[in-house]
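Peer 1: Have a look at this prediction, sequence included:
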Amino acid sequence: MVEVVFAKAFRRHVECPEASFEGSTVGDVLDAYFARFPLARGYVLDGTGAVRKHVAVFRNQDLIVDRRELTDAVAAGDRIHVFQALSGGST
């Protein structure tokens, strides 16, 4: 099983509790998560199914590489962390 964990910032807007699912890629696991918690999908993925610009998805401590197809491999015991990415600042 792969655990999915959302940052607290998401939990203020949508139900997205920690949960575990089976899958061999980040996409497999997130598809299973969104099947159970469908409202969370729109906060993470855009209309094409890619990770939204201001969202960061990690497999364990590593930022995923494939933000469009979500093909990064996962294994039992891994954790997928979903954060709101920070951007901007003063120039």
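Peer 2: Sure thing, it's come through. Numbering: from 1, shown residues only.

Peer 1: Show me what the worst-scoring helix or strand of the chain on mean pLDDT is packed against.
Peer 2: When each helix and strand of the chain is scored by mean pLDDT, DSSP states H and E, helix 8-11 comes last, with a mean of 87. Packing partners of helix 8-11 (3 or more C-beta pairs under 8 Å, 6 or more residues apart in numbering; DSSP states H and E): strand 79-84. For the C-beta atoms, the positions are set from N, CA and C on the backbone; glycine is no exception.

Peer 1: so where's the chain uncertain?
Peer 2: Scanning the chain for pLDDT under 70 picks out 86-91.

Peer 1: got the residue ranges for the strands in it?
Peer 2: Shown for the chain, the strands assigned by DSSP state E span residues 2-6, 19-21, 55-59, 62-63, 79-84.

Peer 1: which parts of the helix ranked longest in the chain are buried?
Peer 2: Ordering each helix of the chain by length in residues (DSSP state H) puts helix 26-36 first. Residues Val26, Gly27, Asp28, Val29, Leu30, Asp31, Ala32, Tyr33, Phe34 are the ones in helix 26-36 that count as buried (16 or more other C-beta atoms under 10 Å).
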